[in-house]
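*Asks:* I would like to see how this sequence folds:
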Amino acid sequence: MNAILQFDSASDFSEGLAVVKKGDRFFGIDANGGVVMEVDPDLEAVSGFAEERALGRVNQIYGYIDRTGALVVPPQFASATPFTEGLAAVRPSNRYGFINRMGEWMIEPQFALATAFSEGLAAVRTEEQYGYIDRTGKLIIPAQFADAWSFSESRAVARVGNKWGYVDQSGSLLIAPQFDGAFSFADGLARVRVGDRWGYVSQSGDVAIEPRFDFAADFSEGLAAVMVEGKWGYVKPQGEMAIAPQFDFAADFSEGLAAVKVGNQYGFINPSGQVVITPQFVSVGSFSEGWAWVQQGDRWSFINPTGEFLREKS
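*Replies:* Residues are numbered from 1 along each chain as shown. Next up is the predicted model:
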């Protein structure tokens, strides 16, 4: 049998390849384990791909590479984000702007902070308050919030004073600021915190699941990880427990499986709560494009949903 492919680090598969590190070099491999990209040896870190670009870092300065491994945007930014909707938020010095995939300025640096574009808008901070701009840089929703997040399902988390609520794309408050913590909508529900308890609200702002959890994650593939008295399980959108709290940690479901931690080791379960890949790893990623990275000791590998390792090609 061919040897298991092992690396010094690995990222999720994205857009058909995964960025891995062997020694001091980064490479891109395909789903068969073949090397399809070699990266400039000067790069000290490389991210996964988004919209055919990956972040590359040299001496804490960021640029972008393409799928051939070539630097298409030379390292020049003190801070940079992955591309979304054709643009990336970057900071060359003390202000953020947005570039296109060739590194050309589309929105000149002018913001104290900036988030990624989502649903045509990006949250930006103009001094002390947040608003939203469109792809031309025009302020569509005036700066008026103490904090603001990206849009998801036509709603965005926004803070007014010390309370969190949700706004629509016109800037109107859809759900009044009333929560002590809040996250983006996913699968039609959003997790919110009231005091020290977490629950979920619907898109109309109605309570869908009463705040009763120690902590909660987003819904994904019909289930959400929640913590009860120090143990993690999964809840259904109706509020019923689908998988009883029993794990030391639980991640989101992805491609039909979720990573869980038992003691100090990670494995994977299915939506019925059955362990399908025995906990045996010190760290794991989520399944993406049919593979998940796993770490044993100081070595990284990839497994498929049946727990088989990605191996060297014949």
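
*Asks:* Only C-alpha atoms from now on, for both contacts and neighbour counts.
*Replies:* OK.

*Asks:* Let me see the mean pLDDT of stretch 140-152.
*Replies:* Averaging pLDDT along stretch 140-152 gives 98.

*Asks:* buried ones in it?
*Replies:* By neighbour count on 16 or more other C-alpha atoms under 10 Å, the buried set for stretch 140-152 is 141-152.

*Asks:* Just send those back as a markdown table, with secondary structure and distance to Tyr64 too.
*Replies:* Rendered in a markdown table, the data for these read as follows (DSSP: H, G, I helix; E, B strand; the rest coil; distance: C-alpha to C-alpha, whole Å):
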| residue | secondary structure | distance to Tyr64 |
| --- | --- | --- |
| Ile141 | strand | 30 |
| Pro142 | strand | 31 |
| Ala143 | strand | 30 |
| Gln144 | strand | 33 |
| Phe145 | strand | 32 |
| Ala146 | coil | 31 |
| Asp147 | strand | 28 |
| Ala148 | strand | 27 |
| Trp149 | strand | 24 |
| Ser150 | strand | 22 |
| Phe151 | strand | 25 |
| Ser152 | strand | 26 |
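
*Asks:* Relative to Ile277, how far out is Phe7?
*Replies:* 21 Å (C-alpha to C-alpha, to the nearest Å).

*Asks:* Pick out whichever of those two has more residues nearby.
*Replies:* Ile277 (20 against 17; other C-alpha atoms under 10 Å).

*Asks:* Let me know whether the more buried one touches Lys261 as I believe.
*Replies:* No. Using C-alpha atoms under 8 Å, Ile277 is not in contact with Lys261, being 11.5 Å away.

*Asks:* list residues touching both of these two?
*Replies:* Gly267 (C-alpha atoms under 8 Å, 6 or more residues apart in numbering).

*Asks:* Now tabulate the buried residues of stretch 140-152 in TSV and tack on distance to Gly256.
*Replies:* Converted to TSV, those look like this (distance: C-alpha to C-alpha, whole Å):
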residue	distance to Gly256
Ile141	38
Pro142	41
Ala143	40
Gln144	40
Phe145	38
Ala146	38
Asp147	34
Ala148	31
Trp149	28
Ser150	26
Phe151	26
Ser152	22
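
*Asks:* Just to check, Asp168 is in contact with Leu174?
*Replies:* Yes. Here Asp168 reaches Leu174: they are 6.2 Å apart, a contact under C-alpha under 8 Å.

*Asks:* that older thread, ok, of the buried residues of stretch 140-152, which one's closest to Phe302?
*Replies:* Distances from Phe302 to those, taken as C-alpha to C-alpha, are shortest for Ser152 (30.4 Å).

*Asks:* is it true that that closest one touches Gly120?
*Replies:* No. Using C-alpha under 8 Å, Ser152 is not in contact with Gly120; the gap is 10.7 Å.

*Asks:* Got the confidence number for Asp168?
*Replies:* 97.

*Asks:* burial measure for Gln246, as a count.
*Replies:* Counted with other C-alpha under 10 Å, Gln246 comes out at 18.

*Asks:* likewise Ser9?
*Replies:* Neighbours of Ser9 (other C-alpha under 10 Å): 18.

*Asks:* which non-adjacent residue is nearest it?
*Replies:* Leaving out its chain neighbours, the residue that sits closest to Ser9 by C-alpha to C-alpha, 6 or more residues apart in numbering is Lys21, at 5.2 Å.
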